[in-house]
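Visitor: pasted the sequence and its predicted model underneath.
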Amino acid sequence: MLLNCDLGESFGHWQMGMDELVMPHIDQANIACGFHAGDPLIMQQTIASAKEHGVSIGAHPAYPDLQGFGRRSLKCSSDEIIAFMHYQIAALDGMAKMQGVEIEYVKPHGALYNDMMAKNEIRVAIMQAIADFHRPIALMLQASADFAKHQRQAQQYGLTLLSEAFADRCYDDDGKLLARTQAAAVHNKEKMLAQVEQLNNNGTVTTISGKILMLNPDSLCVHGDNIAGVKAIAQIKQLLAK
């Protein structure tokens, strides 16, 4: 499994995450495109850091919701979703080309990601937006029991899918992430490392009720917004190397 992380989410005087400490340990950087976080200078710096460390670059587009950090669902038409996806992907791709690199995939952020997983019409709009791009790029979405269905859907648009699991999140029996409103939604370090080891060895996770789910993800999402998180990423990298 590869490791991916959401990065480039600072803007102006507001600092988010510990990107420079995270970058040496990951394989894929999901870089904010300005709609939920990030700005041109931060995008430029994050791309440069990814290039320096040989990390693949992915666009991390969101609803136009800077105040809500992209965590609020907005009522948008399919045409609006396609347009703001193109706007954000093209912005990051253009910035990357200035440094001699290209984006390789798209991973929607926050509420847009959740809505993509839950609502067919939003998933279709996102797939259409990526398929319309001037060259092939992949779409990253959540590994779930519906992944085979999502693959068939993506094939209609000529898209490659990358599936991801989450290192620190507890899964419900239906394969969805347990809602953050529930006490057990986020694993402590011990449970997180155990889940990573299980995913790496067996491709599975154990749900909140003890059910075993087969996920076989391509990539594992990690978070490095504090020093404890950065240290955990380093430990996860060591686990995956075994």
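Guide: Thanks, I have the structure now.
Visitor: which SS state does residue 213 fall under?
Guide: strand (DSSP: H, G, I helix; E, B strand; the rest coil).
Visitor: try residue 164
Guide: What three-state DSSP gives for residue 164 is strand.
Visitor: OK, contacts around it?
Guide: Taking C-beta atoms under 8 Å, 6 or more residues apart in numbering as the criterion, residue 164 is in contact with 4, 107, 140-143, 217-221. Backbone N, C-alpha and C define where each C-beta goes, glycine included.
Visitor: which one among those residues gets closest to residue 60?
Guide: Distance to residue 60 across the contacts of residue 164 (C-beta to C-beta) is lowest for residue 107, with 5.6 Å.
Visitor: so the closest residue to that closest one other than its chain neighbours, which state does it fall into?
Guide: Leaving aside its sequence neighbours, residue 107 sits nearest to residue 140 (C-beta to C-beta, 6 or more residues apart in numbering; 3.9 Å). Here residue 140 is recorded as strand under three-state DSSP.
Visitor: which residues does residue 140 bridge with?
Guide: Residues in a beta bridge with residue 140, per DSSP bridges, are residue 162.
Visitor: now do the end-to-end distance for stretch 169-188.
Guide: With C-alpha to C-alpha, to the nearest Å as the measure, stretch 169-188 spans 9 Å from end to end.
Visitor: quick one: mean pLDDT over that stretch.
Guide: Regarding stretch 169-188, the rounded mean pLDDT is 88.
Visitor: touching that stretch from outside, list them.
Guide: Residues outside stretch 169-188 that contact it (C-beta under 8 Å, 6+ apart) are 117, 142, 144-146, 166-168, 191, 195, 205-209, 211, 213, 215.
Visitor: are any of the residues you listed buried, and which?
Guide: Listed as buried from those are 117, 142, 144, 166-168, 195, 205, 207, 213, 215; burial here means 16 or more other C-beta atoms under 10 Å.
Visitor: got JSON lines for those, with distance to residue 75 too?
Guide: What follows is those, written out as JSON lines (distance: C-beta to C-beta, whole Å):
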{"residue": "117", "distance to residue 75": "17"}
{"residue": "142", "distance to residue 75": "22"}
{"residue": "144", "distance to residue 75": "25"}
{"residue": "166", "distance to residue 75": "27"}
{"residue": "167", "distance to residue 75": "32"}
{"residue": "168", "distance to residue 75": "30"}
{"residue": "195", "distance to residue 75": "35"}
{"residue": "205", "distance to residue 75": "33"}
{"residue": "207", "distance to residue 75": "32"}
{"residue": "213", "distance to residue 75": "32"}
{"residue": "215", "distance to residue 75": "31"}
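Visitor: tell me the centre residue of the chain?
Guide: For the chain, residue 107 is the residue whose C-alpha lies nearest the centre (C-alpha atoms, centre = their mean; 4.7 Å).
Visitor: pull out the buried residues from the lengthiest helix in the chain.
Guide: Ordering each helix of the chain by length in residues (DSSP state H) puts helix 78-97 first. Buried residues in helix 78-97, counting neighbours by 16+ other C-beta under 10 Å, are found at 81-82, 84-85, 88-89, 91-93, 95-96.
Visitor: can you put the residues you listed in CSV and add distance to residue 160 and pLDDT?
Guide: Formatted as CSV, the buried residues of helix 78-97 follow (distance: C-beta to C-beta, whole Å; pLDDT from 0 to 100):
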residue, distance to residue 160, pLDDT
81, 20, 98
82, 19, 98
84, 22, 98
85, 17, 98
88, 20, 98
89, 15, 98
91, 22, 97
92, 18, 98
93, 17, 97
95, 23, 98
96, 19, 98
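Visitor: residues near the residue nearest to residue 55 when sequence neighbours are not counted, how many?
Guide: What sits nearest to residue 55 in space, not counting adjacent residues and going by C-beta to C-beta, 6+ apart, is residue 29, at 5.0 Å. As a burial measure, residue 29 scores 26 neighbours (other C-beta atoms under 10 Å).
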